[in-house]
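K.L.:
Show me the folded form of this:
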Amino acid sequence: MSAADVPSRTADQPDTPSNGAAGAAGRASAGGNAGGSAGAATLAEIARAAGVSAPTVSKVLNGRGDVAPATRSRVEELLRLHGYQRRRGNAQPAPLLDLVFHELESAWAMEVIRGVENVARVEGLSVVLSESAGRLSPGQTWVDGVLARRPTGVILVLSGLDPAQRAQLTSRDIPFVVMDPAGDPGEDVPAIGATNWQGGVAATRHLLELGHRRIGVIGGPAGMMCSRARIDGYRAALETAGVAFDPALVRAGDFHHEAGYTAGLELLRLPERPTAVFTGNDLQALGLYEAARELGLSIPGDVSVIGFDDLPLSRWISPPLTTVRQPLTEMAEAAARLVLDLSRGKQPSTLRVDLATRLVERSSTRSPA
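P.N.:
This next block holds a predicted model:
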């Protein structure tokens, strides 16, 4: 019988382990595995410090729900303070990859899912999808589920983990990688991204080379690194060409169709409207297409439009959209391979990899009339 199988007191009653129980805990980690990493505290020491039994610590480690919140918090804090980490190799993780999105409602997400599935299929793994309901870090309920599932690895898309969540996954030896991080993930967090700044430069430079000088931009959320990098690239291209940056031509979006439509109406109704608009992503370009149609403007006759991502839909709309290709499927494949390497104890030569973007020229851009 493992420590996890031993009956414990009710979740609301702190347990006081006997010396015998503490000794057993020192020889076994959660689920009967060997103790933590060398030099770190054993489960016996964690249990004594928390004033609970070894089975209670085991329940916390395995994400069991029948532990009082105050007890769980106390044990987690001690695990963090003592640097406890489950030893790799004592128990096989589940053949799963946890893939977490901050939202799951666009063709963008499908490209990412396809990339992770490509790697998982070859490795004989299944993919568990989760959504954090628009939050940039998943909630504790998700963390508890991951601890219970013990997947081979976790991939977070446009999301991240707060320090406490990172500590929880690290202590259970569950590796994680952030893809297209929304904020700064930290130097010690494995991350896969794209050259967003260079993509913003390429999009704007393309419009400048066509002869446009009054170029609008619809960015994404200000708090997202990828959005800020694209806007910074837009500004850098303007300044390099000697074109003054005009704040009146800048609109904030949220990477959704509706934002492109609303911001597009604002830009195209200006007394001196832009002759071209860089929309920041393809979904916002669709919104701008709708705004132009509503105002009786043609693309690219009256306004040139350029997007970012190169989703499949960018080839199907009329006119086909000039855009910056972000290699989403390849980014997802790279993230999956990286988290698998980490799960096998391989240390990457670098923790941050940015895949190249490139301009894809189609029919939505031309020289101004």
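
K.L.:
could you pull out the strands for the stretch 251-369 of the chain?
P.N.:
276-278, 304-309, 322-325, 352-355, 358-360 (DSSP state E, counting those that start in this stretch).

K.L.:
For Pro327, give me its contacts.
P.N.:
Residues near Pro327 by C-beta atoms under 8 Å, 6 or more residues apart in numbering: 194, 355-357. The way it works is simple: take the backbone N, C-alpha and C, and place the C-beta from them, glycine included.

K.L.:
how is this structure carved up into domains?
P.N.:
3-81, 94-194+330-355, 196-326 (automatic domain parsing).

K.L.:
now, of the ones you listed, which is deepest in the fold?
P.N.:
Highest mean neighbour count of the domains of the chain: domain 196-326, a mean of 20 (counted as mean count of other C-beta atoms under 10 Å).

K.L.:
Endpoint to endpoint, that one covers what distance?
P.N.:
In terms of C-alpha to C-alpha, to the nearest Å, the two terminal residues of domain 196-326 are separated by 8 Å.

K.L.:
Just the mean pLDDT for that domain, thanks.
P.N.:
For domain 196-326, mean pLDDT rounds to 97.

K.L.:
Could you measure from Leu249 over to Pro138?
P.N.:
36 Å (C-beta to C-beta, to the nearest Å).

K.L.:
Repeat that for Glu77.
P.N.:
Using C-beta to C-beta, we find Glu77 at a distance of 20 Å from Pro138.

K.L.:
List the contacts of the one residue sitting closest to the centre of the chain.
P.N.:
What sits nearest the mean C-alpha location of the chain, by C-alpha atoms, centre = their mean, is Val157, with 2.1 Å. The contact partners of Val157, by C-beta under 8 Å, 6+ apart, come to 99-102, 109, 112, 178-180, 332.

K.L.:
ok, 6 Å please
P.N.:
Residues near Val157 by C-beta atoms under 6 Å, 6 or more residues apart in numbering: 101, 112, 179.

K.L.:
Which strand or helix spans Leu147?
P.N.:
Element membership of Leu147 [criterion: DSSP states H and E] is helix 140-149.

K.L.:
Which other helices and strands does that helix contact?
P.N.:
Helices and strands touching helix 140-149, as assessed by 3 or more C-beta pairs under 6 Å, 6 or more residues apart in numbering; DSSP states H and E, are absent.

K.L.:
what about the nearest residue to Glu361 once chain neighbours are set aside, distance to Leu338?
P.N.:
Nearest residue to Glu361, sequence neighbours excluded (C-beta to C-beta, 6 or more residues apart in numbering): Thr322, at 5.2 Å. Distance of Thr322 to Leu338, given as C-beta to C-beta: 32 Å.

K.L.:
In helices only, show me the contacts of Pro327.
P.N.:
Using DSSP state H, no member of the contacts of Pro327 falls within helices.

K.L.:
Identify the bridge partners of the residue lying closest to Asp310 once chain neighbours are set aside.
P.N.:
Closest residue to Asp310 apart from its sequence neighbours, by C-beta to C-beta, 6+ apart: Arg325 at 3.7 Å. Going by DSSP bridges, Arg325 is paired in beta bridges with Asp309, Arg358.

K.L.:
hang on, the earlier thing: look up phi and psi at the residue nearest to the centre of the chain.
P.N.:
Backbone torsions of Val157, given as degrees, to the nearest 10, read phi -110, psi 120.

K.L.:
Surely Leu96 is in a helix?
P.N.:
No - in this structure, Leu96 is strand, not part of a helix, as judged by DSSP: H, G, I helix; E, B strand; the rest coil.

K.L.:
what sits against it?
P.N.:
126, 128, 151.

K.L.:
distance of the residue lying closest to it once chain neighbours are set aside from Glu187?
P.N.:
Leaving aside its sequence neighbours, Leu96 sits nearest to Pro151 (C-beta to C-beta, 6+ apart; 3.9 Å). The gap separating Pro151 from Glu187 is 25 Å, by C-beta to C-beta.

K.L.:
so where does Arg205 fall, helix or strand?
P.N.:
Assigned by DSSP H and E, Arg205 belongs to helix 196-209.

K.L.:
Look up phi and psi at Arg74.
P.N.:
phi -70, psi -40.

K.L.:
Was I right to think it contacts Ala50?
P.N.:
Yes - with contact defined as C-beta atoms under 6 Å, Arg74 counts as touching Ala50 (5.2 Å).

K.L.:
Can you show me the helices along the stretch 151-300 of the chain?
P.N.:
For the stretch 151-300 of the chain, the helices defined by DSSP state H, counting those that start in this stretch occupy 163-171, 196-209, 225-240, 257-268, 282-294.

K.L.:
which helices and strands does the third one pack with?
P.N.:
Applying 3+ C-beta pairs under 6 Å, 6+ apart, one finds that helix 225-240 makes contact with helix 196-209, strand 215-219.
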